[in-house]
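> Just a sequence and a predicted model for now, questions to come.
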There are 2 protein chains.
Amino acid sequence: MPKQTFFNLPEKKRQNLINAAEEEFARVPLHEASIANIVKSAGIPRGSFYQYFEDKEDIYFYLLKEETDNNRVKFFQMLERHDGDIINAVTEFYYEFLVELPDDKEFDFLKNALLNVTHKIEDAFTATFKGKRDTGFFNEVIEMINKDRLNTENDTEIYHMLQIVIAVVFRNFVEKFSKELSDDEAIEHFTIEMNLLKNGLYKN
Amino acid sequence: MPKQTFFNLPEKKRQNLINAAEEEFARVPLHEASIANIVKSAGIPRGSFYQYFEDKEDIYFYLLKEETDNNRVKFFQMLERHDGDIINAVTEFYYEFLVELPDDKEFDFLKNALLNVTHKIEDAFTATFKGKRDTGFFNEVIEMINKDRLNTENDTEIYHMLQIVIAVVFRNFVEKFSKELSDDEAIEHFTIEMNLLKNGLYKN
DNA sequence: TATTTTAAGTGACACATTGTCATTTGTCAA
DNA sequence: TTGACAAATGACAATGTGTCACTTAAAATA
């Protein structure tokens, strides 16, 4: 977490620093980004940076969390709107994400994150589908899911269903960016895979 | 790829360098690893390293490929043995991987790779399930799959089935390492998820 | 064998980056 | 006005990277 000094900063200076950082993380992935560039572009002395953040990762995950927190709210709204149908909810989520693709800087930031995912970065992303960060992950979403349509009512199995869905959704995001799929292609792939998940890979 | 000079090296010297590198990559993930440490531990001058490799990534992906190439051969044998049943094949693959867990150095190397996966690293891992690197990925494995048991005979859909299976298998590997699951827990989770994939998440 | 040519080995160097810390600056309450 | 505390600052030590001019070794040729 950023230090208190960062939050004490005047709005303008804080935003300026954030912009500089976002620019750097849009340019290159986390481990290639340099604090030197950030402070240079923000026009602040190097020492100041360390007044606000522990290190590079500190500001990175702060920004990434900002980015993904909005998405979590959206996802839960969709889950509600779709009456607890998890696959319809993630599908609309995916559609909307593609349609409302953020501006270039945000886009490149996400792309760099997705193509250079560490376990920690993946956690930040997938938290979108896992409920409030402080409550037990998943419980919240498991409660919202409509179990009538599912193949099981067992919570453990539902937990694993979620894990599967999240893994496949995540893979689709990564593929969209890495293979630079068009929106139509991306949606086509996504739809096929969601249907396969619903109906199963094997005959019954 | 390593340069020719590397392959011209006398066996002993080459193995010595490989050992030093593996040690470093077992200690820390790729982006924290340092060539300085490798050459120091191998007892060779810095300049020599660049005689053999382009850079850090060059030797890293060479080692990772070595590691995963064996696995690919194993997987294809299993697919044959299980008569083209993809889920049975990956399940045995997973079991055997856990049972034959490699020595500490290899273990830590894999762990660091899995918890700090870039798209390039994931590609190296998932290539295990995709056939010979030079032929069209997937074609080889799609041919070997027994389609009688599957829900579709359409190649496109089978391609996506594979993508799904790989994503879920991969997730299970990462989870095993990140949550430090016992073998029994890992196998239990894996089995549940494979059954869900087979039968589908929704009622039909 | 002597000489030339080619490949490999070497380590000092220029440059970049990180995180720290002693010092300075600014602000606010007494 | 002054003292005290938070914040700002930039020079510095430490560490790392990739290169290059030079040395050494080996192989080819005369």
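Thanks, I have the structure now. Numbering: from 1, shown residues only, chains lettered A, B, ... in the order given.
> what sits against the closest residue to chain B within chain A?
In chain A, no residue comes nearer to chain B than residue A:200, which is 2.9 Å away by C-beta to the nearest C-beta. Placement of C-beta: from N, CA and C, glycine included. Listed by C-beta atoms under 8 Å, 6 or more residues apart in numbering or on different chains, the contact partners of residue A:200 are B:151, B:197, B:198, B:199, B:200, B:201.
> next one: residue A:158
A:142, A:145, A:147, A:150, A:152.
> element containing it, please.
According to DSSP states H and E, residue A:158 maps onto helix A:155-178.
> Could I get the buried residue list for that helix?
Buried residues in helix A:155-178, counting neighbours by 16 or more other C-beta atoms under 10 Å in any protein chain shown, are found at A:157-177.
> and what of stretch A:7-23?
So for stretch A:7-23, counting by 16+ other C-beta under 10 Å, buried means A:9, A:16, A:17, A:18, A:20, A:21, A:22, A:23.
> Can the longest helix along chain A be said to contact DNA strand C?
Counting residues, the longest helix found in chain A (DSSP state H) is helix A:56-81. Yes. Judged by C-beta under 7 Å from any atom of the strand, helix A:56-81 and DNA strand C are in contact via residue A:56.
> Please see if that helix touches DNA strand D.
No. Residues of helix A:56-81 contacting DNA strand D under C-beta under 7 Å from any atom of the strand: none, with a closest distance of 14.2 Å.
> Report the closest residue of chain A relative to DNA strand D.
The minimum distance from chain A to DNA strand D, using C-beta to the nearest atom of the strand, falls at residue A:47 (2.0 Å).
> Helices of chain A, residue ranges please.
Under DSSP H, chain A gives helices at A:4-8, A:11-27, A:35-42, A:46-52, A:56-81, A:86-99, A:104-115, A:119-126, A:139-144, A:155-178, A:183-199.
> now these as JSON lines including mean pLDDT?
Listed next are these as JSON lines, based on pLDDT from 0 to 100:
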{"stretch": "helix A:4-8", "mean pLDDT": "97"}
{"stretch": "helix A:11-27", "mean pLDDT": "97"}
{"stretch": "helix A:35-42", "mean pLDDT": "97"}
{"stretch": "helix A:46-52", "mean pLDDT": "98"}
{"stretch": "helix A:56-81", "mean pLDDT": "94"}
{"stretch": "helix A:86-99", "mean pLDDT": "96"}
{"stretch": "helix A:104-115", "mean pLDDT": "94"}
{"stretch": "helix A:119-126", "mean pLDDT": "87"}
{"stretch": "helix A:139-144", "mean pLDDT": "92"}
{"stretch": "helix A:155-178", "mean pLDDT": "96"}
{"stretch": "helix A:183-199", "mean pLDDT": "98"}
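> Select, out of those, the one closest to residue B:182.
helix A:155-178 (16.4 Å; C-beta to C-beta).
> so how far is the closest one from its chain's centroid?
Using C-alpha atoms, centre = their mean, to the nearest Å, the mean C-alpha position of helix A:155-178 is found 12 Å from that of the whole chain.
> Tell me what angle it forms with helix B:155-178.
Angle of helix A:155-178 versus helix B:155-178, following axes from the mean of the first three to the mean of the last three C-alpha atoms, to 10 degrees, is 110 degrees.
> tell me the angle of helix A:155-178 relative to helix A:183-199?
160 degrees.
> wait, what's in contact with the spatially most central residue of chain A?
Centroid-nearest residue in chain A: residue A:125, 3.0 Å away (criterion: C-alpha atoms, centre = their mean). Residues counted as contacts of residue A:125 (C-beta under 8 Å, 6+ apart) are A:68, A:113, A:114, A:117, A:170, A:173.
> nearest spatial neighbour of the residue of chain A closest to chain B, skipping sequence neighbours?
Distance criterion C-beta to C-beta, 6 or more residues apart in numbering or on different chains; nearest residue to residue A:200, sequence neighbours excluded, is residue B:200 at 2.9 Å.
> For residue B:150, see how far away the residue of chain A closest to DNA strand D is.
62 Å (C-beta to C-beta, to the nearest Å).
> which one of the two has more residues nearby?
Neighbour totals were compared for residue A:47 and residue B:150, and residue B:150 leads with 21 against 8 (other C-beta atoms under 10 Å in any protein chain shown).
> Compute the distance between that one and residue A:196, please.
Taking C-beta to C-beta, one finds residue B:150 at 10 Å from residue A:196.
> what does chain A put close to DNA strand C?
Residues of chain A lying near DNA strand C (C-beta under 7 Å from any atom of the strand): A:33, A:34, A:35, A:36, A:37, A:46, A:47, A:50, A:55, A:56.
> So of those residues, which two are at opposite extremes in space?
A:33 and A:47 (18.7 Å).
> hang on, the earlier thing: need the contacts of residue A:125 in a markdown table (columns: distance to chain B).
Below are those laid out as a markdown table (distance: C-beta to the nearest C-beta, whole Å):
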| residue | distance to chain B |
| --- | --- |
| A:68 | 18 |
| A:113 | 11 |
| A:114 | 8 |
| A:117 | 6 |
| A:170 | 8 |
| A:173 | 11 |
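> I'd like to know which of those is nearest to residue A:101.
residue A:173 (11.9 Å).
> Not counting sequence-adjacent ones, nearest residue to that closest one?
Take residue A:173 and drop its neighbours on the chain: the residue closest to it by C-beta to C-beta, 6+ apart is residue A:114, 5.8 Å away.
> For the one you found, grab the count of nearby residues.
21.
> was I right about it contacting residue A:174?
Yes. Using C-beta atoms under 8 Å, residue A:114 is in contact with residue A:174, at 5.1 Å.
> Just among the residues of chain A next to DNA strand C, which is most surrounded?
Counting by other C-beta under 10 Å, top hit in those: residue A:33 with 21 neighbours.
> got the contact list for residue A:107?
Counting by C-beta under 8 Å, 6+ apart, the residues that residue A:107 touches are A:26, A:101.
> And residue A:181, its phi and psi?
phi -70, psi 150 (degrees, to the nearest 10).
> Kindly report the same for residue A:2.
Note on residue A:2: backbone dihedrals following degrees, to the nearest 10 are phi -60, psi 160.
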